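Undergrad: Predicted model follows, preceded by the sequence.
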Amino acid sequence: MISIFPSLLSGAVITLQLLVSSMFFGLIIGLIFAILRINKNPIINKFAYGYSYFFRGTPLIVQLYLIYYGLANIEFLRNSFFWVIIKEPYWCAIIAFSLNTGAYTSEILRSAFQTIKKGYIEAAQSLGVTKKITFYRIQLPIAIKQSLPAYGNEIILMLKGTSLASVITIMDLMGEARKVNVLTFKPFEAFITAGIIYLFITFIIHNIIKYLEKKYGFQT
Amino acid sequence: MELLSFGDTGWGDELFLATLMTIAVSIAAMAIGFLFALIFTPLKLSKNKSLNIIGNCYTTIIRGVPELLVIYLLFFGGTGAAMYVASIFGYDGYIEINAFITGALAIGIISGAYSTEVFRGAILSIDKGQFEASKVLGIKKYIQFYKIILPQMLRLSIPNLSNVWQITLKDTSLISVTGLVEIMRQSYIAAGSTRDPLFFYSVAAVLYLILTFLSMKLINKLEIKYSKGY
């Protein structure tokens, strides 16, 4: 039991790296698409909706396979500069996870934007605040604060999602657990220990979000 | 397009059967999840501390660990556990548990945790007066549950159960790692033998989109039907 711990912990580090980088890129993507979603132009709107519909309607593993196996099939990409990125399973996983979490984040932020009381924006308008400043100083902070609980759930969902990286040969926590299982034929030890580590990470994330909610939470 | 034709030359019929398999596993998993939810919802709502802890442990642990972990645990651990139990009864042969059963059970345990939360929320949102009224009328506890609480709970949880169904449907794609031939596994096989992963995984994505789209339509209809008069 103790002997498998170091290898699992080294896997947990990879899991956390995957999580942090895909949450970072996912947040940027999500923010962009949330802004596109509240845009009144129907074409831009439909495009953003289609993006989130696709990534929320298909399993993460399909998206991962499409990017890891599928993109390598395109001759044009293979000869281009992108090949450096998409030949690495690690980057493929980050791309897939970022796009996936970006879709969910965009929905979370969109609903947060739409539930902002009209009065705030009208008040800003009547005070002569420009549209840009209204967005950056009023709408955006309120939306981010309002979406904290939902975003916390999304981080935990993504943590669970990163375990899929193990099917494309990345040795994350799940990959290490699988290796231990294969080497020792002790599935319960390997997977339950990994499960405890996952639960521990979930617990920490949950508490950080709870703390942030308490400190910055916004009630309308 | 000829790759998708039915018959010996194309993968159409295989993919069609695989889609049916995905639907079958999802429905089986959802049903198993309901059973788990019906057991664990009362535990979560119970006033008894230790029962409460059991209920909370189930939902917290299952929702806190990756789905893949539950599947691997049942798939690799299940065989060993079954053989151990069988050895107590004097059977020493190799037992292989059906991939369908393992998969449906694993996904069922996961969707059960989500369903439990949905049912709990639904029961909590039922007006307290109804519990009190049935108590005053001297209705027995289990009749109260079956005739008053359960029907309302089911109606109230339809919208959220539709989310659980979507999650369950997408989670079944993970069973492909254990070798059950559903959409994902079939696309993997097809992609491997034709060397055209881009095409077949796109087909898989489209199939999942169709499934989620159709089930959304169906559930919306159910929701409208059962919310008549409220």
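TA: That came through, no problem. Numbers count the residues shown, from 1 in each chain, chains lettered A, B, ... in the order given.

Undergrad: Output the below-cut-off pLDDT ranges for chain B.
TA: B:1-2, B:8, B:230 (pLDDT under 70).

Undergrad: Please name the nearest non-neighbouring residue to residue 134.
TA: No chain was given, so I picked chain A. Nearest in space to A:Thr134, with sequence neighbours left out and distances taken as Cβ to Cβ, 6 or more residues apart in numbering or on different chains, is A:Ala124 at 4.4 Å. Just so you know, the C-beta spots here come from the backbone N, C-alpha and C atoms, and that holds for glycine as well.

Undergrad: Sorry, I should have been clearer: chain B.
TA: B:Ser134's closest residue in space is B:Gln144 (Cβ to Cβ, 6+ apart), at 4.5 Å.

Undergrad: what sits against the one you found?
TA: B:Phe131, B:Ser134, B:Lys135 (Cβ atoms under 8 Å, 6 or more residues apart in numbering or on different chains).

Undergrad: ranges for the helices of chain A?
TA: A:5-37, A:42-57, A:60-65, A:75-78, A:83-86, A:89-114, A:118-126, A:131-133, A:140-146, A:148-161, A:173-184, A:187-216 (DSSP state H).

Undergrad: Quick check: buried residues in the fourth one?
TA: When neighbours are counted by 16 or more other Cβ atoms under 10 Å in any protein chain shown, the buried residues of helix A:75-78 are found to be A:Leu77.

Undergrad: Check the fifth one too.
TA: Of the residues in helix A:83-86, those buried under the neighbour-count criterion (16+ other Cβ under 10 Å) are A:Ile86.

Undergrad: so what does that helix touch, helix or strand wise?
TA: Counting by 3 or more Cβ pairs under 8 Å, 6 or more residues apart in numbering or on different chains; DSSP states H and E, the packing neighbours recorded for helix A:83-86 are helix A:89-114.

Undergrad: The helix it packs on and chain B in contact?
TA: No. On the criterion Cβ under 8 Å from any Cβ of the partner chain, helix A:89-114 is out of touch with chain B, staying 10.9 Å away.

Undergrad: That helix relative to helix A:5-37, how many degrees between them?
TA: 40 degrees (axes from the mean of the first three to the mean of the last three Cα atoms, to 10 degrees).

Undergrad: Contact partners for the residue nearest the centre of chain A?
TA: By Cα atoms, centre = their mean, chain A has its centre lying nearest to A:Thr101, at 3.2 Å. Taking Cβ under 8 Å, 6+ apart as the contact definition, A:Thr101 lies against A:Ser22, A:Met23, A:Gly26, A:Gly30, A:Glu154, A:Met158, A:Gly161.

Undergrad: give the contact list for the fifth one.
TA: A:Glu154 is in contact with A:Thr101, A:Tyr104, A:Thr105, A:Ile108, counting by Cβ under 8 Å, 6+ apart.

Undergrad: If we use 10 Å, what do you get?
TA: Counting by Cβ atoms under 10 Å, 6 or more residues apart in numbering or on different chains, A:Glu154 touches A:Met23, A:Gly26, A:Leu27, A:Gly30, A:Thr101, A:Tyr104, A:Thr105, A:Glu107, A:Ile108, A:Ser147, A:Gly161.

Undergrad: Then the third one?
TA: Applying Cβ under 10 Å, 6+ apart, one finds that A:Gly26 lies in contact with A:94, A:97-106, A:154-155, A:158.

Undergrad: what do you get if the cut-off is 8 Å, keeping everything else the same?
TA: Taking Cβ under 8 Å, 6+ apart, one finds A:Phe97, A:Ser98, A:Leu99, A:Asn100, A:Thr101, A:Gly102, A:Thr105, A:Met158 in contact with A:Gly26.

Undergrad: Over to the fourth one?
TA: Applying Cβ under 8 Å, 6+ apart to A:Gly30 gives the contacts A:Thr101, A:Gly102, A:Ala103, A:Tyr104, A:Thr105, A:Ser106, A:Ile108, A:Leu109.

Undergrad: one more time with 7 Å, if that's ok
TA: A:Gly30 makes contacts with A:Gly102, A:Thr105, A:Ser106, A:Leu109, as judged by Cβ atoms under 7 Å, 6 or more residues apart in numbering or on different chains.

Undergrad: ok, it to B:Gly93 distance?
TA: 53 Å (Cβ to Cβ, to the nearest Å).

Undergrad: and what of the first one?
TA: For A:Ser22, the distance to B:Gly93 equals 45 Å [Cβ to Cβ].

Undergrad: More neighbours: which of the two?
TA: A:Ser22 (25 against 7; other Cβ atoms under 10 Å in any protein chain shown).

Undergrad: Excluding chain neighbours, give the residue nearest to that one in space.
TA: Nearest to A:Ser22 is A:Phe97, by Cβ to Cβ, 6+ apart, at 3.5 Å.
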